[in-house]
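# coordinates for the following, if possible.
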Amino acid sequence: MKFATKAIHAGVEPDPTTGAIMTPIYQTSTYVQESPGKHKGYEYSRTHNPTRTALQNALAALENGKHGICYASGLAATDAVLKMYRPGDEIIATSDIYGGTYRIMKRIFEPFGLIFKFVDMSEASEIRRLITNKTKMVWLETPTNPLLKIIDIKEITGICRELGVHTVVDNTFASPYLQNPLDLGADIVMHSVTKYLGGHSDTVMGALITSDDELAKQLAFIQNASGAVPGPQDCFLVLRGIKTLHIRMQRHCENASKVATWLNNHPKVGKVYYPGLPDHPGHDLAKKQMRDFGGMLSFELKGDIYEEAVRTMERLEIFSLGESLGGVESLCTHPASMTHASIPREERQKVGLKDTLIRLSVGIEDVDDLIADLQQAIEGD
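Numbering: from 1, shown residues only. A predicted model of the protein is given here:
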C-alpha cells in the first residue's frame, strides 16, 4: 500500500456499530465489564481508548513500524524514552537540537543521574569514537532544529546496532511522508504530532513508533503508569489531519523551496539554511534519505544586527510570529528567545545558533503572497 492510501485508510475501520466511516470519539473514562477482569479489551481510558488505538495503529503504519504509542505532547514522548534508562547511563544527542529536548535532558534527567553528551553529528563516523560502555542510546534530530543540518541516519544506526546502543530519531521536521527512520535502522521514531501530523495547529500530542516488541512493551507500560496520554478528541483531530498529510507536505515542500531560493538571492539576506538548496552541506545526503526537503527553513540577514532581525519579524503580516510549526498557516519564530531560549546563550553560540536567526515554517498559502510578505518585511520602509 502506497503512502497516500495508507494516510487515508491505515489503522481506521468503519465503526462496527453504525458503519460510520470516521472513527468515533470515544469520550469515556471507563468501560463496563461483564465480570471482574472480563471485558472487551478496554478497562480505563488512561490505559486504552478506541480512538487512541486507531491513531496509534495509523501512525505505526505511516512509519512502517509495528507499534505506535501516543502521549500528551512531544515532550511527554521524549520523557517516556528517557525513563527507560537508569542513573549512570550515557546518552549522546545532537548538539543542534530542539530547546525543549535539551531542557528535559539537562534539567530534569541529568539531576537524576543520566549522563548527556551533545555533539555535532555531521560526521557520522565520529559516533563510533564517542560511544563508551556506558552509552545506552543515541538521540538524532534530522533535519535539525533550527539549523536544518542533515544527519546520516543509516550510518549512525548501523554503528549503534553493531555496538548494542539504541537509536531514537526525532522525525518531526520531516514527517513520515518525507523520511522513515525505522527503514534506515532506527529503534524508535519520535514525533511531535502537534506539528505536521496534526497539521492544523489545533492539538498538542506526541508519539513513539517502533518495531521492537520489548521496547514497545516498556513504552506502553510507561504511557499507562505515568499517565501522560492524549484525550480522544485530540486523537480524532490527528486522525483527521493525517488524511491530508501527503498533499499538505507536497505544498509545504514546493512553497519552502521557492521561498528559500528567493531568500538566497535577496541582497539583504546573508545566509539561508534549507537542505533543498544545492549549496547546503547536507543537500546530497538529504536527497538520499528523504523524499523531498521539507517545509522548514531558517535565515539570517546580512550584518547580523539583532534590532533589524526583530524589526523584520515584527513587519511580517502573513507569517505569524509564534511558537510551533507544521500547520497549514505560515509561522515565523525567533529561536533564541522562543523555541531555544532554554539553551544557555553560550551553548547556542557554539552550535552556530545566532541571536539574529529567523526560522520559518512555510505554510500552504499562495507562495507569491508569502514571498511578497517577506519582501516588504525585509526591505522595510
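
# so what touches the worst-scoring helix or strand of the chain on mean pLDDT?
Using mean pLDDT, DSSP states H and E, helix 345-350 stands out as the lowest-scoring helix or strand of the chain, at a mean of 87. For helix 345-350, the surrounding residues in contact (CB atoms under 8 Å, 6 or more residues apart in numbering) are 95, 102, 118, 336, 340, 354-355. For the C-beta atoms, the positions are set from N, CA and C on the backbone; glycine is no exception.

# which element is the nearest residue to K243 once chain neighbours are set aside on?
Of all residues not flanking K243 in the chain, I8 sits nearest, at 5.0 Å (CB to CB, 6 or more residues apart in numbering). Using DSSP states H and E, I8 sits within helix 3-9.

# what helices or strands is that helix leaning on?
Applying 3 or more CB pairs under 8 Å, 6 or more residues apart in numbering; DSSP states H and E, one finds that helix 3-9 contacts helix 50-62, helix 175-178, helix 245-264.

# can you give me the first-to-last residue distance of stretch 332-345?
Start and end residues of stretch 332-345 are separated by 20 Å (CA to CA, to the nearest Å).

# please enumerate the strands of this protein.
Ranges of strands in the chain, per DSSP state E, are 67-71, 90-94, 115-119, 135-141, 166-170, 188-192, 206-210, 269-273, 296-301, 320-321, 331-333, 358-361.

# which strands or helices does the shortest one pack on?
Same thing as strand 320-321. Counting by 3+ CB pairs under 8 Å, 6+ apart, strand 320-321 packs on strand 331-333.

# enumerate every residue touching the closest residue to H252 other than its chain neighbours.
In space, and not counting its chain neighbours, H252 is closest to G295: 3.0 Å by CB to CB, 6+ apart. Each residue near G295 by CB under 8 Å, 6+ apart is listed here: 196, 249, 252-253, 255-256, 326, 361-363.

# circling back to that earlier point, pipe the helices and strands packed on helix 3-9 into a markdown table and attach mean pLDDT and mean neighbour count per row.
Shown next, in a markdown table, are these (pLDDT from 0 to 100; neighbours: other CB atoms under 10 Å):
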| stretch | mean pLDDT | mean neighbour count |
| --- | --- | --- |
| helix 50-62 | 97 | 23 |
| helix 175-178 | 98 | 24 |
| helix 245-264 | 98 | 20 |
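
# can you redo those helices as JSON lines with distance to L370?
Formatted as JSON lines, these follow (distance: least, CB to CB, whole Å):
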{"stretch": "helix 50-62", "distance to L370": "27"}
{"stretch": "helix 175-178", "distance to L370": "20"}
{"stretch": "helix 245-264", "distance to L370": "6"}
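
# for Y26, which of these is the nearest?
Ranking the helices and strands packed on helix 3-9 by proximity to Y26 (CB to CB) places helix 50-62 first, at 4.7 Å.

# determine the set of other helices and strands touching the closest one.
Partner elements for helix 50-62 (3+ CB pairs under 8 Å, 6+ apart): helix 3-9, strand 67-71, helix 175-178, strand 206-210, helix 232-242.

# could you rerun that using 10 Å?
helix 3-9, strand 67-71, helix 175-178, strand 188-192, strand 206-210, helix 213-226, helix 232-242 (3 or more CB pairs under 10 Å, 6 or more residues apart in numbering; DSSP states H and E).

# so for the residue of the chain positioned farthest from its centre, what pLDDT did the model give?
The outermost residue of the chain relative to its centre, with distances by CA atoms, centre = their mean, is S35 at 42.3 Å. At S35, the pLDDT value in this model is 84.

# domain ranges for this structure?
Per automatic domain parsing, the domain ranges recorded for the chain read 3-242, 245-379.

# rewinding a little: adding distance to F319, write the helices and strands packed on helix 50-62 out as a markdown table.
A markdown table is the format used below for the helices and strands packed on helix 50-62 (distance: least, CB to CB, whole Å):
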| stretch | distance to F319 |
| --- | --- |
| helix 3-9 | 27 |
| strand 67-71 | 29 |
| helix 175-178 | 20 |
| strand 188-192 | 20 |
| strand 206-210 | 25 |
| helix 213-226 | 36 |
| helix 232-242 | 21 |
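
# among those, which comes closest to I305?
Here strand 188-192 is closest among the helices and strands packed on helix 50-62 (CB to CB), at 31.7 Å.

# just checking: what are the partner strands of the closest one?
strand 166-170 (parallel), strand 206-210 (antiparallel) (DSSP bridges).

# could you export the last one as PDB, CA atoms only?
Once non-C-alpha atoms are left out, strand 206-210 reads as follows in PDB (Å, rounded to 0.1, in the frame of the first residue of the first chain):
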ATOM      1  CA  GLY A 206       3.500  13.200  20.800                       C
ATOM      2  CA  ALA A 207       4.100   9.700  19.600                       C
ATOM      3  CA  LEU A 208       6.700   7.000  19.500                       C
ATOM      4  CA  ILE A 209       6.800   4.300  16.900                       C
ATOM      5  CA  THR A 210       8.900   1.100  17.000                       C
END
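
# that one vs helix 50-62, what angle?
With axes from the mean of the first three to the mean of the last three CA atoms, to 10 degrees applied, the angle from strand 206-210 to helix 50-62 works out at 50 degrees.

# could you tell me the angle between strand 206-210 and helix 213-226?
Going by the same axes, to 10 degrees, strand 206-210 makes 150 degrees with helix 213-226.

# ok, now the first one?
Direction vectors for strand 166-170 and helix 213-226, defined by the same axes, to 10 degrees, enclose an angle of 60 degrees.

# isn't A10 up against I242?
Yes - taking contacts as CB atoms under 10 Å, A10 lies within contact range of I242: 8.8 Å.

# where does the protein dip in pLDDT?
Confidence mapping of the chain against pLDDT under 70 gives the ranges 381.

# grab the nearest non-local neighbour of the residue nearest to the spatial centre of it.
Nearest to the mean C-alpha position of the chain, counting by CA atoms, centre = their mean, stands T172 at 1.7 Å. In this structure, T172 finds its nearest non-sequential neighbour in S192, 4.5 Å apart by CB to CB, 6+ apart.
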